[in-house]
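S.K.: What shape does this take:
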Amino acid sequence: ITNVENHGNITHAKADMDKMTLHMGGIIGFVNKSAITIGDATKEAADIKNYGKIQSSKKSIQFGLGGIIGRIYCADREINITIQNCLNETSSTVSYAGWWAAANPSGLGGILGCLAADKTDKISLKIHKCTNKAPVQKTGQGLQSNFHIGGIAGNLGLVAGSEAKTSTFNTVITNCTNTGAVNNTDNNYGRTGNYSYCGGIIGHFGCGGSVSGCINRGDVTHSIYSKTDGAMRIGGIAGNADNTSYSNCQNYGTIKDASKAIQTDMGGIIGRGNAANTQITGCTNFGNLVCANTDTSKPNIYVSAGGIIGRVVQTGYVLTNRHCEAESTTKECVISNSNTIGKAILGGIIGFGAKAAKITDCSSKVTITDSYSSAERSGVFIGALTSGFTFTNCSAGGKYGETTLTAQNYTTYCFGSAFSSIATTGITFAE
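M.R.: Here you go, the predicted model:
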């Protein structure tokens, strides 16, 4: 499919679909083919363009909304799909304001809404040289939902009970850019079990693959409520990452969380890293991270914010040549918590290192600001960490509160004060 434009709005507002699925795209709503190529990458200008709004205000049990494609359907088979040189323009808005009542994979994306696969599928998906300039937003309410939003792709995941196998899953995202705002708001204060991931490039990446050369310049904002067991993951590149590698990506957008939730993980590059042996190389965060829930009746009591990764929960992570710093000498890169009663874990590279990792050639030059009265889990390099971390040729600088780091005091502020006994060997002062 080449040389296609859409200028019309795609809207669903007629009736709720309690037992039906909904898939809408500016070019294609539903892909059910084993092999297809969309767009011509040899053209200098974008080949596939969408200018129309993609909007739904009614509920369904499962949905995929995308500026170019709504949903890709695998159906227990081998698929080979390429999406390249596509543009979702500023005039478009990809938005969902309904609510859904089942734990089915759903997603919103500036280019692709959702790909949901089973462990028996064989997937080769390439998204290359695509740009989203439009806002991607959700304002509805969810029940027991898996709902994810991304500037390029919303949900690249597996159905419940499946496990990604790198031998049969190969999703490659290269040289994509997002400048549109990514926003998730849930104003229903009585529901439980909300699980939502948001990212400047990908909301949820759970089917194995790689991301390289991608840039996010859009702000990513999360403000939802989870009564008991919810988890929110927010990242400048990806909200949640399983079995994936990242290289040479950059985030410039502000990552902001104002959720009332049990747990939130947020990072300048990745919100939460779930899978073992993930490698992240040459990625830089220039954006601020803001923990902004100040509701004393429901504080976000467990938030991890890291300039690169919010939380690492599996062993074997390798971080190489990664940086979190200001975009210029006239700006600061700030990681902040404004909640005076909710604990936050803030770090320039990693918020919470729950499992050991190898960190090489990484630098952090940030400002850490924590309003909590006992901020013992915030540091300019890592907020909280377990033993077993190794550091090679790393550096730390910037500010901790009102204290400017120097060659004499920087080791005091590398990790949260509760972890001062862990050696900073391999970390030097960053001028």
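
S.K.: centre of the chain versus stretch 126-145, how much separation?
M.R.: 11 Å (Cα atoms, centre = their mean, to the nearest Å).

S.K.: ok, now stretch 25-38?
M.R.: 24 Å.

S.K.: the bottom helix or strand of this protein by mean pLDDT?
M.R.: Using mean pLDDT, DSSP states H and E, the weakest-scoring helix or strand in the chain turns out to be strand 317-320, at a mean of 67.

S.K.: Helix or strand next in line after that one, which one?
M.R.: strand 323-324 (DSSP states H and E).

S.K.: For that following strand, name the packing helices and strands.
M.R.: When contacts are defined as 3 or more Cβ pairs under 8 Å, 6 or more residues apart in numbering; DSSP states H and E, strand 323-324 sits against strand 284-285, strand 363-370. Every residue, glycine included, has its C-beta placed from N, CA and C.

S.K.: Just name whatever secondary elements the helix or strand that comes right after the shortest one is in contact with.
M.R.: Think strand 284-285. Next in sequence after strand 284-285, counting helices and strands by DSSP H and E, comes strand 289-291. Here strand 289-291 touches strand 255-257, strand 263-267, strand 303-306, strand 334-337, strand 344-347, going by 3+ Cβ pairs under 8 Å, 6+ apart.

S.K.: And S259, how far from A292?
M.R.: Counting by Cβ to Cβ, to the nearest Å, the separation of S259 from A292 is 9 Å.

S.K.: Let me see the ranges of the helices in this structure.
M.R.: 410-413 (DSSP state H).

S.K.: Let's test this: mean pLDDT of stretch 91-107, rounded?
M.R.: Computed over stretch 91-107, the mean pLDDT rounds to 71.

S.K.: Next, the distance between the ends of it.
M.R.: End-to-end span of stretch 91-107 (Cα to Cα, to the nearest Å): 20 Å.

S.K.: For the closest residue to G110 other than its chain neighbours, give me its contacts.
M.R.: Spatial nearest neighbour of G110, chain neighbours left out: N132 (2.7 Å); criterion: Cβ to Cβ, 6 or more residues apart in numbering. Listed by Cβ atoms under 8 Å, 6 or more residues apart in numbering, the contact partners of N132 are 67, 87-88, 109-111, 151-152, 177-180.

S.K.: if I look at N132, how far off is A356?
M.R.: Distance, N132 to A356, using Cβ to Cβ: 36 Å.

S.K.: How about T131?
M.R.: T131 is 38 Å from A356, by Cβ to Cβ.

S.K.: Those two: who's more crowded?
M.R.: Comparing T131 with A356 by other Cβ atoms under 10 Å, the one with more neighbours is T131, at 24 against 16.

S.K.: so what's that one scoring on pLDDT?
M.R.: For T131, pLDDT reads 98.

S.K.: my guess is it meets C176, correct?
M.R.: Yes - using Cβ atoms under 8 Å, T131 makes contact with C176 at a distance of 6.9 Å.

S.K.: for stretch 291-308, how far is the first residue from the last?
M.R.: 15 Å.

S.K.: sorry, back to before: could I get the contacts of N132 in JSON lines, plus columns for neighbour count and distance to F286?
M.R.: Listed next are the contacts of N132 as JSON lines, based on neighbours: other Cβ atoms under 10 Å; distance: Cβ to Cβ, whole Å:
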{"residue": "G67", "neighbour count": "39", "distance to F286": "25"}
{"residue": "L87", "neighbour count": "26", "distance to F286": "24"}
{"residue": "N88", "neighbour count": "35", "distance to F286": "23"}
{"residue": "G109", "neighbour count": "37", "distance to F286": "23"}
{"residue": "G110", "neighbour count": "39", "distance to F286": "21"}
{"residue": "I111", "neighbour count": "33", "distance to F286": "23"}
{"residue": "G151", "neighbour count": "40", "distance to F286": "16"}
{"residue": "I152", "neighbour count": "35", "distance to F286": "19"}
{"residue": "T177", "neighbour count": "22", "distance to F286": "15"}
{"residue": "N178", "neighbour count": "33", "distance to F286": "15"}
{"residue": "T179", "neighbour count": "18", "distance to F286": "14"}
{"residue": "G180", "neighbour count": "28", "distance to F286": "18"}
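
S.K.: In contact with G113, which residues?
M.R.: 23-25, 63-66, 69-71, 94, 106-107, 153-155.

S.K.: Check N155 too.
M.R.: N155 neighbours (Cβ under 8 Å, 6+ apart): 64, 105-107, 109, 113-116, 146-148, 203-204.

S.K.: could you measure it against I111, distance?
M.R.: For N155, the distance to I111 - Cβ to Cβ - is 12 Å.

S.K.: Repeat that for K399.
M.R.: From K399 over to I111 (counting by Cβ to Cβ), the distance is 38 Å.

S.K.: Listing request: residues of the stretch 301-431 of the chain with sub-threshold pLDDT.
M.R.: Residue ranges of the stretch 301-431 of the chain with pLDDT under 70: 301, 314-318, 322, 325-332, 339-343, 372-375.

S.K.: The same query, at a cut-off of 80, please.
M.R.: Low-confidence segments of the stretch 301-431 of the chain, defined by pLDDT under 80: 301-302, 313-333, 337-343, 354-356, 371-376, 387-388, 417.

S.K.: Backbone dihedrals for the residue nearest to S395 when sequence neighbours are not counted, please?
M.R.: Among residues not flanking S395 along the chain, A430 sits closest, at 3.7 Å (Cβ to Cβ, 6+ apart). With angles defined as degrees, to the nearest 10, A430 sits at phi -90, psi 120.

S.K.: So A430 is in contact with K365, correct?
M.R.: Yes - A430 is within contact range of K365, at 5.3 Å (criterion: Cβ under 8 Å).

S.K.: For the two, list the residues in contact with both.
M.R.: 396-398.

S.K.: Could I get these in JSON lines, plus columns for distance to N170?
M.R.: Putting the shared contacts of A430 and K365 into JSON lines (distance: Cβ to Cβ, whole Å) gives the following:
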{"residue": "A396", "distance to N170": "36"}
{"residue": "G397", "distance to N170": "39"}
{"residue": "G398", "distance to N170": "38"}
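
S.K.: With distance to V303 and neighbour count added, can I get those residues in JSON lines?
M.R.: What follows is the shared contacts of A430 and K365, written out as JSON lines (distance: Cβ to Cβ, whole Å; neighbours: other Cβ atoms under 10 Å):
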{"residue": "A396", "distance to V303": "22", "neighbour count": "28"}
{"residue": "G397", "distance to V303": "24", "neighbour count": "22"}
{"residue": "G398", "distance to V303": "20", "neighbour count": "27"}
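
S.K.: any idea how far F391 lies from Y252?
M.R.: F391 is 26 Å from Y252, where distance means Cβ to Cβ.

S.K.: of the two, who's got more company?
M.R.: Neighbour count, other Cβ under 10 Å: between F391 and Y252, F391 has more, with 24 against 19.

S.K.: Right, I'll leave it there.
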